[in-house]
Structure formats: structure tokens, C-alpha cells
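1. got a sequence here, can you model it:
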Amino acid sequence: MAQSPNTIKVLQQSMVSPPIGSVPTTSLPMTISDLHMCTTPPVQWLGFYDFPHSTQNFIETIVPSLKNSLSLALKLFFPFAGNFMSTPPPTKPYILYTDGNSIPFTVAESLADLDHLIMFTYPRVVEDLQPFVPKLAPPRLEGNTRVFPLMALQVTVFPNLGFCVGVTFNHCVSDGASFDHFMKTWASICKNGEDYVTCLQNENSLPFYDRSLLNNMEIEKRMEPFALKVFWDSTLAQKEEYEDPSHENQVDHKYRFTFVMDRAQIERLKRWVKNQFHRNDSDQSLYFSTYVVTCALTWVCFLKSEVDGANSFSGDEDGLCNFAITANNRNLLENLIPKTYFGNCLRAGFVTMKKRDLLGANGIAYAAKAIGKEVWELKNTLLEPEKFFQDLKEASRNQTMMVAGSPKFGLYETDFGWGRPKMMDFVSIDASTLMNNIISLCDMRDDKYGIQVSLVESRAKLEHFKALLEESLRMINSA
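-> Numbering: from 1, shown residues only. Prediction:
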């Protein structure tokens, strides 16, 4: 039977582990950030690469290199091959690696139109990318403990065109910075050979696993009881039967739209925002980074597309809406956490604004000021647990836009030896819902100072968003 362009043909299925005997049995305690991520959907990443050769060539040359280098990378990043042990109270959950633990590695073939899949210029059906996303193995019961595998990988070849690397991992094991560290390490070992591991050791670039730096902090001690209660309450509320965490049955004909802004466009946007405030605002916490102004532009254009679409926002312009951001806690002032720390090391912030202010003529500037102030406070003030949990509670009552990823990761530099990705993205934003819209941010392929933004919605809303975005940029560029 001929293969449909929208399906894949599985060619190989195997398991990849660190070299046997290279990593001892190791358990890692969960930090507050880890616990918070236990109830979030898995992270799904796709990277598309050029490879103008046959499937047979791919199987004989590329696949062995990817698997051998992956094994060596997992020796350094062994938690990905381990399991999350979800224990009943009062035992704290933890991550456990046992010698021989491995991750599933699937090799597939697709006849899909690769150029269509990586096209940016128009909204694309989200189902188009789902065949290339690997699925995590379901959890199993060991006594009273639920055991969750943490990673799955799939490589898909498009004969004579290219291939796709797909990664799915449980967010409880890693944040974006640690995932970026893992991907760059795997790719560099594949490209440069095993000697690259020695380079990492010499440069002190190996993953850092000492959790005591976090667990001994006073704030961690104060927040742990609440975080554990939230975790246990959420696990007890789950159904006994396992539900596939992928979104293939939830997307409901949604579309994905991706746009990019190069350095010149971002600088014009920053300059325009600053000009709205410099004459009469001496607030020292004004902070207009690429991240801040991009989030503000996207948030406001998205809200305007919702309002003009005459949906739930209509007649409620005085209501509140939220923007949720995260900061890499490795970089914040009160901590001495190495940049190579492995795990979740995030700090969340929330911006709440009236819709009327966001929808006005200066909505983008006001949004940038509010988001920038929150980012500045995350970087320069101590975390107040009571305020954090109050913000979290308030945010759950209103529609919230959230951000995944960061342009600082530089994932377009993930080169396995056959060049940088032609396109890559976090497809886990397909989990966007009516109350929680997720946008993904990453670096831009052809401009290291640029940015790539993706969001998911109905085609009509995305077409309207695209028109509003283009209109806003024309106004800013002509100012």
C-alpha cells in the first residue's frame, strides 16, 4: 500500500542508553521549580535539516552517528534516560536513574512536502507536524509508585530532501536552558566525535547536579510544603487510566503561525517604545529588551484579534488579562547557581493589565512597560513566596498568555554535522487553550540578534492577527 503524504512509515525502533556501567544508580531530589513543572504538558521540539540523499543513505550513515553520539551525551545527561518516581505522600517524588535505563529511538520515513512544513509565510495546520513528534511511553505502576519515562526521540527522513529530529521530554526533568545544553552537547559530539567530551570537561561545561544549592535556600524551604501539596493534590485528582500527553486529539483543526523579526526591525520597535516614555517617565525599572518588546507586540495584536473577532472579550474591555513570563534563576542576583545547572531553575512572573489599556492606541507601549518592569523585578528583587502564590491564584481567574522558550538559547546553532536547522520550533504550544494561549520564542535562523515567534489558534484568528501585526509594524516603522 502506498504511503500517504501525511503519515510516516516506521523503519526502526530501538532503545538508546548511556554506555553500560558508565553511570551509577543515581537519584535526584525535586526542587520547587521541578515540582511546579510536574503537572505541565511535555515539551516537544522539532528541528528540520537539509539532507539531499536517499533513505538508505540516511539509515547507513546518519542514524548510527546520531545513536552513538546520543549514547555518549546521555552519559553526561543521564536523568533524561531515567524515570520520574511519583510517590504517594508523605514520600517526596524524585528522579531515578538505574544502570541500563534507556530512551526509545524511532526512525521513520515521510513523503510529506518538506518545504510546506517549514514555510513561515502563512498559517499551517498543526496536525501536519504531529507525525514527527515522538510520544512518551506511558507510566507504569511499581507498588504504589507511578513511574514516568522522561524522554523519547524520533528522526524522520524525507527522501532526497532532509530529515527531522523530534524530541519529547517531561518538563519535570529539565527547563529550556538544560535542554539547550543537552541538544548542543549531543549535536557537538555527533559533529566532532568523542573528543568533544574532553573539551567540555576542560571548559567546566559539564552539567551540574548538586541540588543542595537550591534545596538549602530559605525560600525553597518555605515554599516546599505548598509545592508538595499542590503536586500531591494534582496527582490524586488524576484519572486512574493513563491519557496520552500528546495533543493530537486536542488540536481541533488549529493552525500555527510563525513570524520573524530581524535586528533592524527589533531596534525600530525598541526605539518606538522608548519614545513613548522618555519625555515624562523617569522610572529606573523601565526595561525594553528584545524579549520584552516582542512579547508586548504579540500580546496586544493577539488581544485585538480576539476582540475584533467578537468572541469572549467583546463588551468586557474593562476586565483583566494576564501575561505570564519566566526568568532563568541561574542568572539572578541572590543565587550562585552555575549556568550549567541541570534541572528546572525558573522563576515565574505575572503581568496583569486592563484590556482597555492594552487595546488603546498606546497598548503596545503600555504592555512593554508592564512586562519590562516585571522582568526587571525578577532580575533584581528577592522572591516573595506569598506574592508568587497570590499572583498564581489571580492568574488562574483570567485569560493568560504564556511564553515558552527564549531567543537566548540559540537552538538554531544545533548542528549535528550537516548544517544548522532549516527550521525548528517548540510544537508543544499546540496545548494552547481558550484560557491559556502559549507563544514560543526562539532565535532567528538568519540573524543571531533576531527573533522567531510562533502561536496557535484558529485560521481566521491567525489571519486577523497577521494583518494586525503587519499594520502595527508599518505604523512603528513610519513613526
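2. could you check how far residue 119 is from residue 418?
-> Separation of residue 119 from residue 418 (C-beta to C-beta, to the nearest Å): 21 Å. Every residue, glycine included, has its C-beta placed from N, CA and C.
3. these two: who's more crowded?
-> residue 418 (18 against 12; other C-beta atoms under 10 Å).
4. pretty sure that one is in a strand, no?
-> No. Using DSSP: H, G, I helix; E, B strand; the rest coil, the assignment for residue 418 is coil, not a strand.
5. quick one, phi/psi of it?
-> Main-chain torsions, residue 418, degrees, to the nearest 10: phi -120, psi 20.
6. repeat that for residue 259.
-> phi -130, psi 160.
7. from memory it sits against residue 453, does it?
-> Yes. Residue 259 lies in contact with residue 453 (C-beta atoms under 8 Å); the separation is 5.6 Å.
8. these two: which is more packed in?
-> Set residue 259 next to residue 453 and count neighbours by other C-beta under 10 Å: residue 453 wins out with 23 against 18.
9. got the contact list for the more buried one?
-> By C-beta atoms under 8 Å, 6 or more residues apart in numbering, the residues touching residue 453 are 258-261, 294, 298, 439-441.
10. pLDDT below threshold where in the chain?
-> Along the chain, segments meeting pLDDT under 70 span 1-6, 215-216, 218, 236-252, 278-285, 308-317, 331-335, 382-398, 432-435.
11. longest single strand anywhere in it?
-> When the chain is parsed with DSSP state E, its longest strand is strand 447-457.
12. next structured bit after that one?
-> Where DSSP states H and E defines the elements, the next helix or strand beyond strand 447-457 is helix 459-478.
13. which helices and strands does that following helix pack with?
-> Applying 3 or more C-beta pairs under 8 Å, 6 or more residues apart in numbering; DSSP states H and E, one finds that helix 459-478 contacts strand 255-261, helix 263-275, helix 290-308, strand 447-457.
14. the first one: how far from the chain's middle?
-> Spelled out, that is strand 255-261. Centroid displacement of strand 255-261 relative to its chain, using C-alpha atoms, centre = their mean, to the nearest Å, is 15 Å.
15. please apply the same query to the longest one.
-> Using C-alpha atoms, centre = their mean, the distance from the centre of helix 290-308 to the centre of the chain it belongs to is 19 Å.
16. packing partners for it?
-> By 3+ C-beta pairs under 8 Å, 6+ apart, helix 290-308 packs against helix 263-275, strand 320-328, helix 355-359, helix 363-380, strand 400-405, strand 436-444, strand 447-457, helix 459-478.
17. in a markdown table, list these along with distance to residue 347.
-> Shown next, in a markdown table, are those (distance: least, C-beta to C-beta, whole Å):
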| stretch | distance to residue 347 |
| --- | --- |
| helix 263-275 | 24 |
| strand 320-328 | 5 |
| helix 355-359 | 24 |
| helix 363-380 | 6 |
| strand 400-405 | 13 |
| strand 436-444 | 17 |
| strand 447-457 | 21 |
| helix 459-478 | 29 |
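18. looking at these, which is nearest to residue 69?
-> Closest to residue 69 of the helices and strands packed on helix 290-308, according to C-beta to C-beta: strand 436-444, at 22.7 Å.
19. what strands flank the closest one, and is each parallel or antiparallel?
-> strand 400-405 (parallel), strand 447-457 (antiparallel) (DSSP bridges).
20. so residue 265 touches residue 473, yeah?
-> Yes. Between residue 265 and residue 473 there is a contact under C-beta under 8 Å: 7.0 Å.
21. if we can go back for a sec, centre of the chain to the longest strand of the chain, how far?
-> Its chain's C-alpha centre and that of strand 447-457 lie 13 Å apart, by C-alpha atoms, centre = their mean.
22. what angle separates it from helix 263-275?
-> On the basis of axes from the mean of the first three to the mean of the last three C-alpha atoms, to 10 degrees, strand 447-457 is oriented at 80 degrees to helix 263-275.
23. now do the buried residues in strand 447-457.
-> Using 16 or more other C-beta atoms under 10 Å as the test for burial, strand 447-457 gives 447, 450-457.
24. got the angle between that strand and strand 255-261?
-> Here strand 447-457 points in a direction 160 degrees away from that of strand 255-261 (the same axes, to 10 degrees).
25. mind saving the C-alpha coords of strand 447-457 as CSV?
-> The C-alpha coordinates for strand 447-457 follow below in CSV (Å, rounded to 0.1, in the frame of the first residue of the first chain):
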residue,chain,number,x,y,z
ASP,A,447,20.1,36.8,12.2
LYS,A,448,21.5,35.9,15.6
TYR,A,449,20.1,39.1,17.0
GLY,A,450,16.6,38.4,15.6
ILE,A,451,13.7,36.5,17.0
GLN,A,452,11.2,33.9,15.8
VAL,A,453,7.7,33.8,17.3
SER,A,454,5.0,31.1,16.9
LEU,A,455,1.4,30.9,18.1
VAL,A,456,-1.5,28.6,17.6
GLU,A,457,-5.2,29.5,17.0
